[in-house]
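1. Kindly generate the corresponding structure for this input.
(chains A and B)
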Amino acid sequence: MIAERLNNQPMMKQLTLYILALFFFACKKEGGLPAVTGMAPAVLHSSATEVSLRADDRKGLALQLIWDEASPESALPMAQSALKNKVEIAADASFAAIAKSTEQVAASLSYTHEQLNSLVLGMGFVPGEKKNIYVRIASRLGANVNWVYSNVAAVAVTPYEPVQEAAYLYIANKDLTQFPWKLCSRKEDGFYDGFAKLDQWYNFYLTNEESASAPVIYGSYPLDGSQYILYSGADRWNCWTSKGGYLYISADVNKMTWKETAVESLTVAGDFNGWSATATPMQYDQSTKVWKATITTTAVEKWGIKVLINGSWTWFFGASESEGSCALYTADGNGFAYNQVGTHTLVLDLSDPKAFKYRVE
Amino acid sequence: MLLCLIGLYLSGCSDKDSLGPAAGPILLARGADVSWITEMEAAGVQFYNAGGTAVDGLKLLHGLGMDAVRLRVWVNPARGWCNKNDVLVKARRAHHLGMRLLIDFHYSDTWADPGQQSKPAAWTGMSLNELKSAVGQHTQEVLQLLKDNGIAPEWVQVGNETGNGMLWDEGKASSNMAGYAALSNAGYDAVKAVFPAAKVIIHLHNGYDNALFRWLFDGLKNHGAKWDVIGMSLYPDKDNWQDRNTACISNIKDMIARYSSEVMICEVGMSWDEADAAEQWLNDLFRSVRAIPDQKVLGIFYWEPLAYNGWNGYTLGAFDNNGRPTKALNAFK
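-> Modelled structure (predicted):
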């Protein structure tokens, strides 16, 4: 039930001495201020070491963190607010990158399934895939004193695909029996886009569920020359692509239109190739539906890297808020992190437009 | 830095705002039921001291003079709040502050009170003997979890407001007093198996209603039920609290004399916006129970004082709509 203390340090003598010294120093100026004792790292406990988050219990209690905080004492009473605690959460045990840091007045923190799901998806966790979060409590007494850290609690969390109404439109074949690709409205504003590898003259519909009985099925307007106009009436025609190949497809259900743009190339640019728009093309792997490129770097990419579409500096994949994801830019923007040094393979997976994922192998 | 440390001391001048545990002999428990606190915190509710600073709600109550908490336990509640792990979180927080602990078993997945004593879903269809085992197992499991974490409750309630028994219908007192006594004893024995020193409470509503208490405890006694403490709730209003206090004290004295029991006032509450009346009422109640000889009254617990601003529709808390404690809690100093 309760995770064992990973690390139990009853007292940090050095720190106590440090604080004693601070107060001694203060005494000289103020006269008679007493010393503080009992300042120590908090001891953190977690209600679980593994949590499978559930979309059907979104408001239910999923995880609780509780810490026994230091009980500093002095001859004079101290304000309750003197001791500050913050909860730090990271995806790595070394806390090299802290994903979430929250100052906390209560001595425990409870997450519902929905809250924890949102937190870990923001950290780049993948729905259905179990991954550890690492939690510690940072405490300090006074603003200019160093933080002291509790033991670290590791919790394996498996998030779920967040349920959002009409987050996706699925590209369905003409029989509505296969749904090989999907578009996503990442801002939930009715603008959907995504990437698909389709044969020329492929006939399709856009549906809001992967089902022949989906509540909404868009085709094209049943009039010659109207194939880019979306229409969901029973007399709809199917849509078709005139281009074929690897395509960027967008659909705007506010304007009831859709568009297709051929993706002629994806190229990687960064310090390693002098920001060349052409030197490092990616290859599409038909079997795994991902793009790959081999990159050799001699140093960490200071500005990150970009993946340009059709060689464009204003249509590329760059920095995203979530680890392991990159974002699609249509104007200038920053590159996404690439910290490996040496020769590696960059893998770009555009199959789920909810988040464009990349990894380095 | 110096300014900060000086500020720290200046801000710490109030002795009502202290981090240290309460000193002095262990006497009448001055407690609060804080079972909602983790759920409220997860919903973003904050608690403020009189100066308007957001603080830990439990520390705030402790700083106001409260030295005990009461925590309800549900068997398998729909959303998890008040299950055994959630109880442990709150118990650990209270324990760490040096506060005393009353554990309140509802033996239900949801509220158990005079209006409903529904069996946990997992216990439906069980025979009386199976229910006795289930009560024993659940009680031991929860208490053992606390014990494994170094936390010992001073008091344990078997059933909540069981004026007409619990685990209906097998334990419905009006139709099956023997069944209720047997189920209650299963809880009693389980408590003692884990914590021999804990005092077991049987808790009824309407602490002013001597007839109810005599009917139920006579019935339990006739069927061999065991208990250490008779618990009661008391929720008067601003117009009847004097009469209710008088009747309640009279009932308490009768319970002490008739059953040689100790008494715990497990729940009290009055509308949060009648703080003046609430303060008078509670001061009077504390004075009266302290006047009862031999410390036969063990304590008084305010029920969910932290509930405010329409939380779950509950209006008998002791915090105002800005999340600050009302003067009703002065009585707990």
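2. which stretches of the stretch 1-150 of chain B form strands?
-> B:29-33, B:47-48, B:54-55, B:68-73, B:100-105 (DSSP state E, counting those that start in this stretch).
3. To A:G124, which of those lies closest?
-> A:G124 lies closest to strand B:54-55 among the strands of the stretch 1-150 of chain B, at 30.9 Å (C-beta to C-beta). To be clear about C-beta, it is placed using only N, CA and C from the backbone, and glycine gets the same treatment.
4. For that closest one, what is the distance to the chain centroid?
-> 24 Å (C-alpha atoms, centre = their mean, to the nearest Å).
5. Can you tell me the strand partners of that strand and which way each runs?
-> Using DSSP bridges, the strands paired with strand B:54-55 are strand B:47-48 (antiparallel).
6. average pLDDT across the partner strand?
-> The pLDDT scores in strand B:47-48 average 95.
7. starting at the chain centroid, how far to it?
-> 21 Å.
8. contact partners of it?
-> B:A54, B:V55, B:D56, B:G57, B:L60, B:L306, B:F319, B:N322, B:G323, B:R324 (C-beta atoms under 8 Å, 6 or more residues apart in numbering or on different chains).
9. Now the residue of the stretch 1-150 of chain B found nearest chain A: closest residue in space, sequence neighbours ignored.
-> Across the stretch 1-150 of chain B, the shortest distance to chain A (C-beta to the nearest C-beta) belongs to B:G80, at 3.1 Å. Leaving out its chain neighbours, the residue that sits closest to B:G80 by C-beta to C-beta, 6 or more residues apart in numbering or on different chains is A:L61, at 3.1 Å.
10. before we move on, what about B:H95?
-> B:I151 (4.7 Å).
11. Who are the contact partners of that neighbour?
-> With C-beta under 8 Å, 6+ apart, B:I151 has these contacts: B:L88, B:A91, B:R92, B:H95, B:L101.
12. where among the strands of the stretch 1-150 of chain B is the average confidence lowest?
-> Minimum mean pLDDT among the strands of the stretch 1-150 of chain B: strand B:54-55, a mean of 92.
13. Might you enumerate the residues of the stretch 151-300 of chain B proximal to chain A?
-> Taking C-beta under 8 Å from any C-beta of the partner chain as the contact definition, the stretch 151-300 of chain B does not meet chain A anywhere.
14. Please enumerate the helices of the stretch 151-300 of chain B.
-> B:177-194, B:210-222, B:241-259, B:275-290 (DSSP state H, counting those that start in this stretch).
15. contacts for the second one?
-> Counting by C-beta under 8 Å, 6+ apart, helix B:210-222 makes contact with B:162-164, B:173, B:177, B:180-181, B:184, B:202, B:204-206, B:227, B:230, B:232, B:247, B:250-251, B:254-255, B:258-259, B:261, all of which sit outside it.
16. got a list of what whichever residue of the stretch 201-350 of chain A sits closest to chain B touches?
-> In the stretch 201-350 of chain A, the residue that lies nearest chain B is A:E321 (22.3 Å; C-beta to the nearest C-beta). For A:E321, the contact set (C-beta under 8 Å, 6+ apart) comprises A:G122, A:A327.
17. Now the residue of the stretch 201-333 of chain B found nearest chain A: which helix or strand?
-> Nearest to chain A, among the residues of the stretch 201-333 of chain B, is B:L306, at 11.2 Å (C-beta to the nearest C-beta). Element membership for B:L306 (DSSP states H and E) is empty, with no helix or strand holding it.
18. okay, now it: neighbour count?
-> 25 (other C-beta atoms under 10 Å in any protein chain shown).
19. and it, how far is that from B:D273?
-> 16 Å (C-beta to C-beta, to the nearest Å).
20. Then B:S118?
-> 32 Å.
21. Mind checking which of these two has more residues around it?
-> B:S118 (17 against 13).
22. Burial check on the residue nearest to that one when sequence neighbours are not counted, number of neighbours?
-> Distances taken as C-beta to C-beta, 6+ apart put B:S108 closest to B:S118, at 5.3 Å, once the chain neighbours are dropped. Using other C-beta under 10 Å, B:S108 is surrounded by 26 other residues.
23. Surely B:S108 is in contact with B:A122?
-> No - with contact defined as C-beta atoms under 8 Å, B:S108 and B:A122 do not form a contacting pair (11.1 Å).
24. okay, and the common contacts of the two?
-> Shared contacts of B:S108 and B:A122, counting by C-beta under 8 Å, 6+ apart, come down to B:V75.
25. show me what contacts B:G150?
-> B:H95.
26. do the same with B:S261
-> B:F217, B:W227, B:D228, B:V229, B:I230, B:M255.
27. Show me just the buried residues among those.
-> Neighbour counting by 16 or more other C-beta atoms under 10 Å in any protein chain shown classes B:F217, B:W227, B:D228, B:V229, B:I230, B:M255 among the contacts of B:S261 as buried.
28. quick one: which helix or strand includes the residue of the stretch 201-350 of chain A closest to chain B?
-> A:E321 belongs to no helix or strand, assigned by DSSP H and E.
29. how about it, phi and psi?
-> Main-chain torsions, A:E321, degrees, to the nearest 10: phi -70, psi -20.
30. Which pLDDT does the model give it?
-> pLDDT at A:E321 comes out at 81.
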